[in-house]
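> sharing a model prediction with you, sequence too.
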Amino acid sequence: MTARIIDGKAFAAVLLENVAEHVTQLKQAHGLIPGLAVVLVGEDPASEIYVRSKAKKTVEVGMHSYEYKLPADTVEAELLALIEQLNLDPSVHGILVQLPLPEHLDEALVTNAIDPSRDVDGFHVSNAGLLATGQPAMVPCTPLGCLMMLRGYCGNLAGLHAVVIGRSNIVGKPMAQLLLKENCTVTVAHSHTRNLPDIVVAADIVVAAVGRPLFVKGQWLKTGATVIDVGINRIDQGDGTMRLVGDVDYGAAKDIAGAITPVPGGVGPMTIACLLANTVTACCRAHSLPEPARLKV
Ligand SMILES: Nc1nc(=O)c2c([nH]1)NC[C@@H]1CN(c3ccc(C(=O)N[C@@H](CCC(=O)O)C(=O)O)cc3)C=[N+]21
């Protein structure tokens, strides 16, 4: 069996088109331009590339992009003051503080300082609680993008067994909540899980978010499983050049899975598209306007 490739770039292009259409509508009907503020503390080169690509896409869909670059030694009070300023700025509908933060800054404290209605990452404790209890929330972009692709490929997910590998607040936990909401049977596996291959083999859906290159082996999979690879790992090929690989051994998995996301070009592009979709949603909610149905979960 050769797996169908779940083309994240194509999914993202469609979503971004919907976002752009909605931005045009907000502008024409209400004179509103959604604004996204991205805060980057420190000078991690990978983070800078990512922040730049977000800013570029934000402008491409017709929204305002505000970028704040703070030095690595920024004190907590300064960062909190900036967040407070953005919380009060009527032109800012979405706020994202790029993670990870430098060691001396408390990520939970900073995340929870963001106005939950502008928390387009969905990391605020109140958004996590809303999602867990099935209430309207800001949904974290990566799991949201994964769910959209799963729906696109599998249609109705009810009754399917989903195994989520990884239990981070950013991906694993919200992914499990979203899949539960879709009436999947959800298993969350992690670094302490015993006999992981025996658990993965039962899965109709595998979401790999462990952050370890090529961790999930092809022969662990049930024939025909749908595989979503959240990992983005840079590995040295031995000749000094780097290659981008996921958490799944794609080469082996593609002969057994029914469908699989590639890395790059899978989950990554959808994450950015969902961030912009969340910003439009936040803008609509801020102005008590109907939310774009095609951008909703
Ligand atoms: N507050 C916060 N929110 C985030 O959403 C967040 C964050 N912090 N910190 C960093 C991670 C990382 N992340 C990526 C999103 C898209 C790609 C992406 O589009 N990747 C391309 C490849 C890019 C390349 O070539 O490196 C792809 O997969 O096709 C990558 C990484 C969001 N993150």
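Yep, it's here.
> interface residues of the stretch 51-200 of the chain facing the ligand?
L96, V97, Q98, L99, D121, C141 (C-beta under 6 Å from any ligand atom). For the C-beta atoms, the positions are set from N, CA and C on the backbone; glycine is no exception.
> now for those: which two are most distant?
V97 and C141 (13.5 Å; C-beta to C-beta).
> and the residue of the stretch 1-150 of the chain closest to the ligand?
The ligand sits closest to L99 of the stretch 1-150 of the chain, with a gap of 4.0 Å, by C-beta to the nearest ligand atom.
> quick one: secondary structure of that residue?
Three-state call for L99 (DSSP: H, G, I helix; E, B strand; the rest coil): coil.
> and it, what does it touch?
E107, F123, I170 (C-beta atoms under 8 Å, 6 or more residues apart in numbering).
> could you do P140 as well?
Counting by C-beta under 8 Å, 6+ apart, P140 has contacts D121, G122, F123, I170, V171, P174.
> low-confidence stretches in the chain?
Applying pLDDT under 70 to the chain flags the ranges 294, 296-297.
> ok, which stretches of this structure are strands?
Counting by DSSP state E, the chain has strands at residues 4-5, 35-41, 64-70, 94-97, 161-165, 185-189, 205-208, 226-229, 233-236, 242-245, 259-260.
> and the gap between V248 and the ligand?
13 Å (C-beta to the nearest ligand atom, to the nearest Å).
> quick one: residues contacting that residue.
Contacts of V248 (C-beta under 8 Å, 6+ apart): V206, A208, L214, F215, V216, V227, D229, G231, I260.
> and the third one, how far from the ligand?
Same thing as L214. 16 Å.
> grab the nearest non-local neighbour of that residue.
Nearest non-adjacent residue to L214, counting by C-beta to C-beta, 6 or more residues apart in numbering: D249, 4.5 Å away.
> now stretch 51-60, how far from the centre of its chain.
15 Å (C-alpha atoms, centre = their mean, to the nearest Å).
> good, wrapping up.
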